[in-house]
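In: Here's a sequence, model it:
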Amino acid sequence: MRDLYKWSCAAVLWLMTSMAVSAETLTAGMSGSAVADLQNALVQAGYLARTVDGDYGSTTKEAVFLFQKDHGLPATGKADDATIASIRRNENSGYRNGGGVVYASGNRGDVIVDMQLRLQKAGYLKGGIDGVYGQDTENAVRAYQKDHGFPVSGVIDEMTYNSLKGKSSQESAQARSNRPSRLYGIGDSGDRVLDIQNKLKKLGYLDGTVDGIYGGLTANAVKAFQGDQGISETGEIDEGTLDALSQAYADRPGDFSLALGDSGKKVILLQNKLLLHGYNPGTADGVYGQSTADAVKAFQAEQNLARTGSVDSNVWKRLDDPPRFTGNYIKVFHMEATAYTPNDGNGNGHTALGGFAGKGHAAVDPNVIPLGSIVFIEGYGYAICDDIGGVIHGMIIDVGVDTLDQAYAWGTKPRVTVYLIK
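Out: Numbering: from 1, shown residues only. Just a heads-up that it's a prediction; the model follows:
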C-alpha cells in the first residue's frame, strides 16, 4: 500500500510538472506579452520581419518552425521552453539566410494580392488572384525561390520579398546589422515611456492612449518619427532617437497648432481625423486650405469652441474623442468589415481618389457604394469611401487604419451596420 501511495505521488508530481511545461508552450492563436516577447526575440535573431503585435499568427508560427528546423529542434511551429531559450541565445548573433519571415501561408489581404500579382507576372503563379496565401501561392513561392537560388521555404522572407519588389536583397539585413543599442522598446513601461509617449503625441505621431506602456502603437509611432528624421526605423528608442525626439519636441510650435497655409504630415493627420468625425476637409492632401479650415470651423461650432478655423490643443483633444453618430442617413447596409493600412496594396499611401490613406477612409465595391460617398461605420466612425481593393467585392467594406496593430485589433467583423450619409 505504501508503494502504491509513493507511486501515486510520483505520478501526480510528474503530471504537474508536465502540465507546467506545456503551459509555457506558445502556439498559434495565442496572444499577449509572452507572444510579443517571443516575436521580439525572433526579430533580433533574424527570423521575423513583421511588426511585433503580440498575436501568434501565421508569420510567427513559420518563423518558429524555420528556427527550429535550422537549429536541430523538433520542427513543430510551437515555441516550447527549449525553443524560446535557443531563440534568445541567438539574439543579435546574425540573421537567417534569406532574412526574416514577411508573409506566410494563412495571411490574406491586399498585400497578398500584390505578391500574387508579382508572382503571376514572373510566370510562377498559375492560379487566380484571391488575396489568400494558400497552397498555390506557397508552391509558386517555392518555385521562385528555387530558380533564384534563395533558401526554399515557401514563405516570403526578406530576400524573396525584396526580389519580388525589385530591391536589393541585402538592403534590409544591412540596415538591421547597423542597429544602435536599444534603450526602450515593446514590453517596457514606466515614467520614461510615459514621457516618450507624451512627446510623440504632441508631435502628432501617436494616435492612441498615453499609458506608460510601450506597446505596438508606440513602436509604430517611433518608426514614423524615425522615418521623418532619417533614422533607422527600428521602432525602438536608442540614444540617437531619444535626442532627436527631445529636440523636435523643444522646437515644436505651441500646442501643436495648425492654420491656413500649413502643410505636411500633421495636416494629413488632422484631415483624416476630421473625416473620422464626419467633417469633410476635401481631399486629404496634407495642405491646410480653405476646405480644411471650413471643416475645422464646423467641428469647432459643434464642440462649442471658438470658430477660428485654426487648430489648437482644444481641437486636438476633442478630435481624440470617439466619433458620434448624428442619426442622419439615407440607406443602411449590413456588411463584412476588414481593415487596411496605408502600406497595403501598392504601398504608395494614397487612396484611389488621391487622398492620403488611413483612418477616415474606406475601400468599397463601387457597384455597392459609389466612390466619394460618406458613411458611418458601426464601431469605427465616419469615412469617405474613396478607395477600392483587389478583394473588395460585394458587401464588404475595408476600413482605413494607421498601423498594423490597429488592423489586427479590428480583425474581420462578419456583420457591421454601415449607414450611407451622402
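In: going forward, measure contacts between C-alpha atoms and count neighbours the same way
Out: Fine.
In: Point out where the protein drops to low pLDDT.
Out: Within the chain, the set of residues satisfying pLDDT under 70 comprises 1-24, 167-180, 208, 251-256, 343-348, 404-405.
In: Name the residues that touch stretch 281-297?
Out: Identification of contacts with stretch 281-297 by C-alpha atoms under 8 Å, 6 or more residues apart in numbering yields 259-268, 271-272, 274-275, 279-280, 307-311, 354-356.
In: same thing but at 7 Å, please
Out: Stretch 281-297 has contacts (C-alpha atoms under 7 Å, 6 or more residues apart in numbering) with 259-265, 267-268, 271-272, 279-280, 307-310, 355-356.
In: same deal with stretch 393-401?
Out: Contacts to stretch 393-401, defined as C-alpha under 7 Å, 6+ apart, come from residues 335-341, 357-365, 368, 407.
In: Centre of the chain to it, how far?
Out: Here stretch 393-401 is found 17 Å from its chain centre; the criterion is C-alpha atoms, centre = their mean, to the nearest Å.
In: That stretch: end-to-end distance?
Out: 20 Å (C-alpha to C-alpha, to the nearest Å).
In: sorry, back to before: which ones among the contacts of stretch 393-401 map onto strands?
Out: Of the contacts of stretch 393-401, the ones assigned to strands by DSSP state E are Met335, Glu336, Ala337, Thr338, Ala339, Tyr340, His361, Ala362, Ala363.
In: Now flag whichever of the residues you listed is closest to Gly123.
Out: Distance to Gly123, by C-alpha to C-alpha, is smallest for Tyr340 among the ones in strands among the contacts of stretch 393-401, at 27.6 Å.
In: In contact with the closest one, which residues are there?
Out: Contacts for Tyr340 were tallied using C-alpha under 7 Å, 6+ apart; they are Asp398, Val399, Gly400, Val401, Ala407.
In: what's the spacing between the fourth one and Gly204?
Out: Looking back up the chat, that one is Val401. With the distance defined as C-alpha to C-alpha, Val401 ends up 15 Å from Gly204.
In: before we move on, the earlier item: okay, the ones in strands among the contacts of stretch 393-401 in JSON lines with distance to Val141 next?
Out: What follows is these, written out as JSON lines (distance: C-alpha to C-alpha, whole Å):
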{"residue": "Met335", "distance to Val141": "33"}
{"residue": "Glu336", "distance to Val141": "30"}
{"residue": "Ala337", "distance to Val141": "29"}
{"residue": "Thr338", "distance to Val141": "26"}
{"residue": "Ala339", "distance to Val141": "25"}
{"residue": "Tyr340", "distance to Val141": "24"}
{"residue": "His361", "distance to Val141": "32"}
{"residue": "Ala362", "distance to Val141": "31"}
{"residue": "Ala363", "distance to Val141": "28"}
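In: Among those residues, which one sits closest to Arg50?
Out: For the ones in strands among the contacts of stretch 393-401, the minimum distance to Arg50 (C-alpha to C-alpha) is 15.3 Å, reached by Tyr340.
In: Kindly state the beta-bridge partners for the closest one.
Out: Residues found in beta-bridge contact with Tyr340 (criterion: DSSP bridges) are Gly400.
In: What distance do you get for it to Ala244?
Out: For Tyr340, the distance to Ala244 - C-alpha to C-alpha - is 30 Å.
In: before we move on, what about Thr338?
Out: Going from Thr338 to Ala244 by C-alpha to C-alpha gives 36 Å.
In: hang on, the earlier thing: can you pick the most crowded of the ones in strands among the contacts of stretch 393-401?
Out: Each of those was scored by neighbours using other C-alpha atoms under 10 Å; the highest score is Ala362's, at 31 neighbours.
In: Bridged to that one, which residues?
Out: Under DSSP bridges, the beta-bridge partners of Ala362 are Cys385, Val399.
In: OK, contacts around it?
Out: Ala383, Ile384, Cys385, Asp386, Asp387, Ile397, Asp398, Val399, Gly400.
In: so the first one is in which element?
Out: When elements are assigned from DSSP states H and E, Ala383 belongs to strand 381-387.
In: hey, C-alpha coordinates of that strand in PDB?
Out: Once non-C-alpha atoms are left out, strand 381-387 reads as follows in PDB (Å, rounded to 0.1, in the frame of the first residue of the first chain):
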ATOM      1  CA  GLY A 381     -16.800  56.300 -37.200                       C
ATOM      2  CA  TYR A 382     -17.400  58.300 -40.300                       C
ATOM      3  CA  ALA A 383     -15.400  57.700 -43.500                       C
ATOM      4  CA  ILE A 384     -15.200  58.800 -47.100                       C
ATOM      5  CA  CYS A 385     -15.400  55.900 -49.500                       C
ATOM      6  CA  ASP A 386     -12.500  56.900 -51.700                       C
ATOM      7  CA  ASP A 387     -10.700  53.600 -52.200                       C
END
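In: residues in contact with that strand?
Out: Outside strand 381-387, the residues that reach it (C-alpha under 7 Å, 6+ apart) are 275-278, 323, 351-353, 360-364, 371-376.
In: nearest to Gly215, of the contacts of Ala362?
Out: The closest of these to Gly215 turns out to be Gly400 (C-alpha to C-alpha; 20.4 Å).
In: Quick check: end-to-end length of stretch 228-240?
Out: Start to finish, the residues bounding stretch 228-240 are 14 Å apart (C-alpha to C-alpha).
In: gap between that stretch and the chain center?
Out: 18 Å.
In: before we move on, what about stretch 81-92?
Out: On C-alpha atoms, centre = their mean, the centre of stretch 81-92 falls 25 Å from that of its chain.
In: what do you get for stretch 408-420?
Out: 17 Å.
In: Identify all contacting residues around it.
Out: 329-339, 374-378.
In: try it again with 10 Å
Out: Residues outside stretch 408-420 that contact it (C-alpha atoms under 10 Å, 6 or more residues apart in numbering): 53-55, 325, 327-340, 369, 373-382, 395-399, 401, 403-405.
In: if we can go back for a sec, any of the contacts of strand 381-387 buried? List them.
Out: With burial judged by 16 or more other C-alpha atoms under 10 Å, the buried subset of the contacts of strand 381-387 is 275-278, 323, 351, 360-364, 371-376.
In: With that, I have no additional questions.
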